[in-house]
Each structure stands twice: as C-alpha cells, then as structure tokens.
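Enquirer: attaching a predicted model along with its sequence, questions to come.
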Amino acid sequence: MNIFSVLSRHVDWLGQRYQVAANNVAHSDSPGFRSKEISGFQSTLDSMGGMELTRTSAAHMSVSGDDSTMPTYETAFQNNTDVSHSGNDVVIEKEMSTIGDTSRMLAFDTGIERMFQRMYMSSVKA
C-alpha cells in the first residue's frame, strides 16, 4: 500500500461523507426522516492493514495486501436530540459544518497528492 492508495481511499470516503450529509440536508423537511452519518475513516485504515514501503527492488521489504477491492462505508443513524414535531431530526447547522469540514479535508488531500506527485516526478526525471 502506498500514499496514493490511502489518499484515493480517503477521497472516496470524503465523497460518500459529502453525499450522506447532502442527503440529510435535502430531506431536512421530510416528516419522520432520520439523519445518517458515515463511519469514521479510521475503520477503513484499519481494514487496509499496515503501511509498508512500495517494493521497487528485490532488496526492498515486501508489500502485502490487495488494493483492488474498494470498501463500502457503513452509515448509521445519528443520535440527534433535536427532533421536530414531524419526527425529523436533521440539524442543518451540523450538516453544513460536516460539508465544510469535508471540503477542507478534500482540499488538503489534493494538496498532499500534488506534493507527492511532484516528488515522484522529480525522482523519475533524475
């Protein structure tokens, strides 16, 4: 597993996190709708196994694991105490905060990926 695999999985997780939060906002006026949240990324990291170096030479440490299977992320109902008269428990402020955090994390991931790609390209050209 390499940094690009981890970043790819994190970006996928962020996309699904954004989708769940956007769905909550879209149903904020639906009677009886219960908001959901996605499981933390830590569980995905745990399922990916330990981080090891990429093997580019027989003298390097071996790489274990298979990056070909993409995980599905669990969603669960949130434990919101603010429930409207219609039974809806979406808190718009919380969902908008989640969307903003997700956007910032995505920008951070993109910056890291760009930096590692530049480092990789520099090492290949040298």
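Expert: Cool, got the structure. Residues are numbered from 1 along each chain as shown.

Enquirer: if you count contacts, what does the helix or strand Gln19 falls within end up packed against?
Expert: According to DSSP states H and E, Gln19 maps onto helix 3-26. Here helix 3-26 is seen to pack against strand 36-38, helix 41-48, helix 92-125 when contacts are counted using 3 or more Cβ pairs under 8 Å, 6 or more residues apart in numbering; DSSP states H and E. In this view, the C-beta of every residue, glycine as well, is placed from N, C-alpha and C.

Enquirer: and Asn24, which of these is closest to it?
Expert: Minimum separation from Asn24 across those (Cβ to Cβ) falls at helix 92-125, 4.9 Å.

Enquirer: quick one: find the helix or strand in this structure with the lowest mean pLDDT.
Expert: Taking mean pLDDT, DSSP states H and E as the measure, strand 75-77 is the helix or strand of the chain with the lowest mean score, a mean of 65.

Enquirer: tell me which of the helices and strands packed on helix 3-26 sits most buried.
Expert: Mean neighbour count, computed with mean count of other Cβ atoms under 10 Å, is highest for strand 36-38 among the helices and strands packed on helix 3-26, reaching a mean of 18.

Enquirer: for Lys36, give the beta-bridge partners.
Expert: Lys36 has the following beta-bridge partners by DSSP bridges: Phe77.

Enquirer: that one and Phe108: what is the separation?
Expert: In this structure, Lys36 and Phe108 are 24 Å apart, going by Cβ to Cβ, to the nearest Å.

Enquirer: lowest-confidence stretch among the helices and strands packed on helix 3-26?
Expert: For the helices and strands packed on helix 3-26, the weakest mean pLDDT is recorded on helix 41-48, namely a mean of 71.
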